[in-house]
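1. Requesting a structural model of the entry that follows:
(2 chains)
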Amino acid sequence: MTPISNREIAKIFYEISGYLEMQGVAFKPRAYEKAAEVIQGLEQDIRMIYGKGGIKALEQIPGVGVSIAEKIEELLKTGRLKYYRDLRKKVPVDRCSFAGIEGLGPKSIFKLYKKLGIRDLNALEKAVKAGQIRKLEGFGEKSEQNILKGIEFVRKSGGRFVLGFIMPEIREIESRLEKLKEVQKIVVAGSVRRRKETIGDCDILIISTKPEPVMDYFVAMPEVVRVTAHGETKSAVKLKSGLDVDVRIVPEKSYGAALNYFTGSKDHNVALREMALKRGYKLNEYGLFSAKGGSASGGKGSRQIAGKSEQEIYKALGLDYIEPEMRENTGEIELAKNHKLPELINYKELKGDLQTQSSWTDGADSIEELAEAAIAAGLEYIAITDHTKRLAMTGGLDEKRIIEQGKEIDGLNSKLQKTCLAGRQANPKFSAKGRSDSEESSDSMSGSASGGKIQNSKFKILKGTECDILKDGSLDLPDKILEKLDIVGVSVHSHFNLSRRDQTERLKRAMENPNVDILFHPTGRIINRREPYDVDIDEIIKVAKRTGTVLEIDAYPDRLDLKDEHVKKCVEAGVKLSIDSDAHSITHLPYLEYGLAQARRGWATRKDIINAWPLEKMLKFLKK
DNA sequence: GCCGTTTTCGGCCCGACTGTTTTCAGTCG
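-> Down below sits the predicted model:
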């Protein structure tokens, strides 16, 4: 039996919730879903919690009671859960594959199974094409069209993992391999290194003088379900999560060349190889060689000119070093040649987060907890932007409650000032500045919540809103409220199906409101789940420029909205951007990293990102 | 199934929209 992780337990509870919901069971689905959410966000390994305090400690976890605690115990002890197996036997439907079909919820899936025996996407498609679906009660022609559209969408996105969701697993494997004494150097290459929004697989490069034990360890990892290759230079496995991972052992003198080759993109590499040829060289995964000879490794008589590091390869080709996020052959090589590469915003440069939801609406944590976590993450300000009343399900704020919330924020801000002074005297080392001054060696945000006490006098909680844009482009809160807030974000959560013209007009009208600062998640897409709504993005960028509206890069891993190509257009047009976590819990703050990656993929620099600026400058920039 | 300034039972974020109906169930956020 392999040890089971928090993530796997959460996944099982999510599925149980789905099966129960299908059968119309009341309330239990929400209970399992809630437990799953909490377990997924848990900092501590649930095995540790159980190890220390047994089943009683499990019951202390919010959302976990006697019954769910017992189920966790069974999973930890046996790796299996009878209750879950029985549910699956009763309704043997591949629910996950239906997740991308909008409008097809658990009840409908259950009906399709009961009446037509449909268990997967293929059977569903066949039934639609045979005209069987429209005969069912509650279904019609529109449902059929919708299902076909959904199937196409699922197929198109099929099999790719959302980077931010799979990254913790990749980092864990990386850190375990790194600890092996036979591993001298390790790096994850491929689309992971380029920080693509989704990835198909994962390539890990390792320098080692003793490959065998490294490879033996790799293929025997507990999460491996299948070994597809096991050699001295290359091994490949499939993990429980479905992710394919390759490990390649490369010689030290070829490390840079191999890293460059396996990082890609393919188009970027082809362009580099063409450049090399023109200069009388040959570039491959083993190095940059003078062209004489010319077998795969450079050939007899050919001389290696570069290959140990990527830097020396770019230099030898007459190029400045190109960051992995830019390597798509969309103009970066030309810029590198002319020494005109932009200085990309770096991973430690954000000073604030301008979209977070608190427990006033659908967030899990209080404003104070969010502020403490933001301080621990090295930020200097955070905007609380809860939903507004139209989003009734979230308990969206109306005029009265948002004023009350403002009072709470005023109170916390003055408390911040006071505790800061006290804290400083008690422990001067905590008067430290933001993350940009820290000496952390990692190139990503750790988001660790250690020392999360409010004690940074510079830290400020801003009053904000994520105000709903109604169908006609008017807003869910009156101007007299909006004008009192520090940060007015607006966004679409309804009427996704308007025509391009109407949707664009709707957003334009919202952006033209002088109180509106930022358009949140401007296209509304959710990766692998929902297409963006139809909107003329070039027109939106134009209007943003004219009205001084900031466009957001929502950093939530399956939103990443704007896309990289849109970011690039904004940068070119001089439209300012913000990078926001859209956190609904303090555990989401580290997602800012993926927004930063998206910004870098869109060639953004610090001057393009308003929340990389000090608070005063950022506030001054916003519309009055 | 969880939870408790509604505390051991009886509540459980709920309003709008869609496509299917002819008064509403299912889905979404």
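2. The longest helix along chain A vs DNA strand B: in contact?
-> For chain A, the longest helix by residue count, based on DSSP state H, is helix A:399-426. No - residues of helix A:399-426 contacting DNA strand B under C-beta under 7 Å from any atom of the strand: none, with a closest distance of 13.8 Å. For every residue, glycine as well, the C-beta is placed using N, CA and C.
3. What's the first helix or strand after that helix?
-> For helix A:399-426, the succeeding helix or strand toward the C-terminus, using DSSP states H and E, is strand A:460-468.
4. which strands and helices sit next to that following strand?
-> With contacts taken as 3 or more C-beta pairs under 8 Å, 6 or more residues apart in numbering; DSSP states H and E, strand A:460-468 sits against strand A:352-356, strand A:381-384, helix A:399-426, strand A:487-491.
5. Worst mean pLDDT among these?
-> For the helices and strands packed on strand A:460-468, mean pLDDT drops lowest on helix A:399-426, to a mean of 79.
6. could the helices and strands packed on strand A:460-468 go into TSV alongside mean neighbour count?
-> Shown next, in TSV, are the helices and strands packed on strand A:460-468 (neighbours: other C-beta atoms under 10 Å):
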stretch	mean neighbour count
strand A:352-356	29
strand A:381-384	28
helix A:399-426	15
strand A:487-491	26
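7. export the ones you listed to TSV and tack on distance to residue A:529?
-> Shown next, in TSV, are the helices and strands packed on strand A:460-468 (distance: least, C-beta to C-beta, whole Å):
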stretch	distance to residue A:529
strand A:352-356	19
strand A:381-384	26
helix A:399-426	30
strand A:487-491	17
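8. Check which helices and strands the helix or strand of chain A with the lowest mean pLDDT is in contact with.
-> Least confident helix or strand, chain A: helix A:399-426 with a mean of 79, by mean pLDDT, DSSP states H and E. On a contact count with 3+ C-beta pairs under 8 Å, 6+ apart, helix A:399-426 meets helix A:367-376, strand A:460-468, helix A:479-482.
9. Kindly recompute the last result at 7 Å.
-> Judged by 3 or more C-beta pairs under 7 Å, 6 or more residues apart in numbering; DSSP states H and E, helix A:399-426 is in contact with helix A:367-376, strand A:460-468.
10. Could you say which one of those comes nearest to DNA strand B?
-> strand A:460-468 (8.8 Å; C-beta to the nearest atom of the strand).
11. can you list contacts of that closest one?
-> A:355, A:367, A:371, A:381-388, A:390-391, A:402, A:406, A:409, A:412-413, A:475-477, A:482, A:485-491, A:493, A:520, A:615 (C-beta atoms under 7 Å, 6 or more residues apart in numbering).
12. Same question for stretch A:264-276.
-> Here stretch A:264-276 makes contact (C-beta under 7 Å, 6+ apart) with A:190, A:194, A:261, A:282-283, A:288, A:317, A:327-329, A:333.
13. export these to a markdown table and tack on secondary structure and distance to residue A:587?
-> Putting these into a markdown table (DSSP: H, G, I helix; E, B strand; the rest coil; distance: C-beta to C-beta, whole Å) gives the following:
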| residue | secondary structure | distance to residue A:587 |
| --- | --- | --- |
| A:190 | helix | 26 |
| A:194 | coil | 26 |
| A:261 | helix | 36 |
| A:282 | strand | 48 |
| A:283 | strand | 43 |
| A:288 | strand | 44 |
| A:317 | coil | 43 |
| A:327 | coil | 31 |
| A:328 | coil | 31 |
| A:329 | coil | 36 |
| A:333 | helix | 39 |
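14. most neighbours, which of those residues?
-> Using other C-beta atoms under 10 Å as the neighbour test, these are led by residue A:288, with 27 neighbours.
15. Bridged to it, which residues?
-> residue A:283, residue A:306 (DSSP bridges).
16. Surely it is in contact with residue A:309?
-> No - using C-beta atoms under 7 Å, residue A:288 is not in contact with residue A:309; the gap is 11.2 Å.
17. end-to-end on stretch A:245-256?
-> Stretch A:245-256 has its terminal residues 20 Å apart, counting by C-alpha to C-alpha, to the nearest Å.
18. Give the buried residues for that stretch.
-> By 16 or more other C-beta atoms under 10 Å, the buried positions in stretch A:245-256 come out as A:245-251, A:254-256.
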